[in-house]
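> Next input, structure requested:
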Amino acid sequence: MPALYTASATATGDGRQGHTRSSDGVLDLDLSVPKEMGGPGGAHTNPEQLFAAGYAACFHGALKVVAGKKKITLTDTAITVDVGIGPNGQGGFQLEVSIEAELPSVDEETAKQLLEEAHQVCPYSNATRGNIDVKLSLA
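As a prediction, the model looks like this:
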């Protein structure tokens with residue numbers, strides 16, 4: 001696959017209690033382990049939040065592409081992605097994802113079809129397919 005774009009970020013410090021910065025400096029964040037995972041929580045982000053934000057933006061873009069190809073105009077749309085993390089039963093950890101779409105400008109059948117098609121187009125969906133549970137729903 002010829003890459004159209006390559007993002008680069010570096011994590012330093014103590015991993016989940018460290019810092020991450022993109023190569024261009026646009027992303028420059030301290031990280032903190034959530035309280036739910038035994039950390040201090042607080043005003044810093046974590047890898048699951050970053051993954052959720054990226055997946056939500058990417059999936060929303062895929063949804064707009066799919067709708068555009070069908071000449072369907074979407075208005076007031078939103079995609080919310082929840083990323084859960086927990087033990088995988090084998091000594092490691094596993095992610096799970098829930099994607100909720102708000103598509104008020106189309107009927108339910110059309111919304112479900114667009115959601116399924118976007119799930120086939122989105123690079124995050126393609127990367128996670130078969131690796132983690134991803135649930136799709138309409139708000």
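> give me the low-pLDDT residue ranges for this structure?
For the chain, not a single residue meets the criterion pLDDT under 70.
> any chance you could map the strands in it?
9-12, 19-22, 28-30, 78-87, 93-102, 133-138 (DSSP state E).
> With distance to Ala53 and mean neighbour count added, can I get the ones you listed in TSV?
Quick note: C-beta positions are derived from backbone N, CA and C, even for glycine. As requested, those are exported to TSV (distance: least, CB to CB, whole Å; neighbours: other CB atoms under 10 Å):
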stretch	distance to Ala53	mean neighbour count
strand 9-12	13	12
strand 19-22	13	15
strand 28-30	11	14
strand 78-87	8	15
strand 93-102	12	17
strand 133-138	16	14
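> and the nearest residue to Cys122 once chain neighbours are set aside, what does it touch?
Using CB to CB, 6 or more residues apart in numbering and skipping the chain neighbours, the partner closest in space to Cys122 is Ala62 (3.8 Å). Ala62 makes contact with 118-119, 121-123, 125, according to CB atoms under 8 Å, 6 or more residues apart in numbering.
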